[in-house]
Structures are given as structure tokens and as C-alpha cells.
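1. I'd like to go over a predicted model; first the sequence, then the structure.
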Amino acid sequence: MSILLAVRDRAMRACVVLPVLLFLTVVVANAQESQTKIKTTTAPSTSPASGEQMFKAYCASCHGADGKGNGPAVPALKVAVPDLTTLAQGHGGKYPESYVESVLKFGTGAHAAHGSQDMPIWGPILSSLNPNQVMSSTTQLRINNIAHYIGTLQVK
């Protein structure tokens, strides 16, 4: 009889403990899901002739549509997103277009975010839009036009 009572007591404790554990698991899972997450996806196809269209498709999620570093993905990033509208100010008043092209193509050691999940190196990604060529003239055109468009965002 005492064995049956012991089994019944354990079963009753399990009936109380298991729902509590389940509840805590759901609460923790919901808290983790409520944190901002970055959705990763493949680069959408855009016109290589439109720097503005490519900027909005590839860059605005972090840098913001205005280039000021206020995009919707910013809360999920570990590294501050630079304000692209002040690049000329930081380079003696002249927009460093070739520097921006280089950062897009190869990344840079000066900014820890480049080449990471936060800021990918765009050369290979843009090249993947033309899978038959590693660094095609179309890829170069894309990089040039994005860099040129960023130049139009400079604060006067």
C-alpha cells in the first residue's frame, strides 16, 4: 500500500511540476523571440544602373533610407552603423568614392563590422547575381553606382 501511495505522490508532483516547467519554457521562448532579430535572405535582383534602387534593397535596412545609420535592423546589431551622409566631412570635404567602392568590394580592416554578419562584403554577394563571372563588369557597375549614390547623400 505504501508503494502505491509513493507512486501516487510522485505522479501528483509531476502533475504540478511539469506544467510549471512548460510555462517557464514558453515564457523564456517568448522573451527570446521578442528580441530584435535580423532576417537573412539572398540579395534581391535589382537594376545595376540604379544606385538608389540597390542602396534601398541592400543597404537601407542598416544604414537607413537616408543613409544616416538608422535602419530598422540597427537594434539587432552589435556594432554602431556609420552615418554615410558624413563621409565627405570626414575626408576633408571631398566624398571618397573610390574608398567606398573598395569597402563595398573588399571590406576594410578599419571597421570591424565589414566582412561580418553585420556588414557583409558586397563584392562576392553582388557577384553572385551574375554567377557565371566572379567580378564581372556588371558587378563593378553595381558597386560604382551604389558608391555614386551614397555620394549624393552627403550633407552639404
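-> Arrived safely.

2. now the helix or strand residue 126 falls within: mean pLDDT?
-> For residue 126, the host element (DSSP states H and E) is helix 122-127. The average pLDDT for helix 122-127 rounds to 76.

3. stretch 98-115 too?
-> When pLDDT is averaged over stretch 98-115, the result is 73.

4. break this structure into its domains for me.
-> 1-35, 51-152 (automatic domain parsing).

5. worst mean pLDDT among those?
-> When I compare the domains of the chain, domain 1-35 is least confident, with a mean of 44.

6. which parts of stretch 144-156 are buried?
-> Buried residues in stretch 144-156, counting neighbours by 16 or more other Cβ atoms under 10 Å, are found at 144, 145, 146, 147, 148, 149, 150, 151, 153, 154. (Each C-beta comes from the backbone N, C-alpha and C, glycine too.)

7. alpha carbons only: can I get that stretch in CSV?
-> Provided in CSV are the C-alpha atoms of stretch 144-156 (Å, rounded to 0.1, in the frame of the first residue of the first chain):
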residue,chain,number,x,y,z
ASN,A,144,30.2,52.0,-58.8
ASN,A,145,26.5,53.0,-58.9
ILE,A,146,26.0,52.3,-55.2
ALA,A,147,29.1,54.3,-54.3
HIS,A,148,28.0,57.1,-56.5
TYR,A,149,24.5,57.2,-55.0
ILE,A,150,26.0,57.3,-51.5
GLY,A,151,27.9,60.4,-52.7
THR,A,152,24.5,62.1,-53.4
LEU,A,153,23.5,61.6,-49.8
GLN,A,154,26.4,63.7,-48.5
VAL,A,155,25.5,66.6,-46.1
LYS,A,156,26.3,69.9,-47.8
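
8. hmm, who's touching that stretch?
-> 48-52, 54-55, 58-59, 66-67, 84-89, 95, 97-98, 100-101, 104, 122 (Cβ atoms under 8 Å, 6 or more residues apart in numbering).

9. ranges for the helices of this protein?
-> 2-34, 51-54, 60-63, 97-106, 122-127, 137-152 (DSSP state H).

10. packing partners of the third one?
-> Right, the one you point to is helix 60-63. For helix 60-63, not one helix or strand is in contact under the criterion 3 or more Cβ pairs under 8 Å, 6 or more residues apart in numbering; DSSP states H and E.
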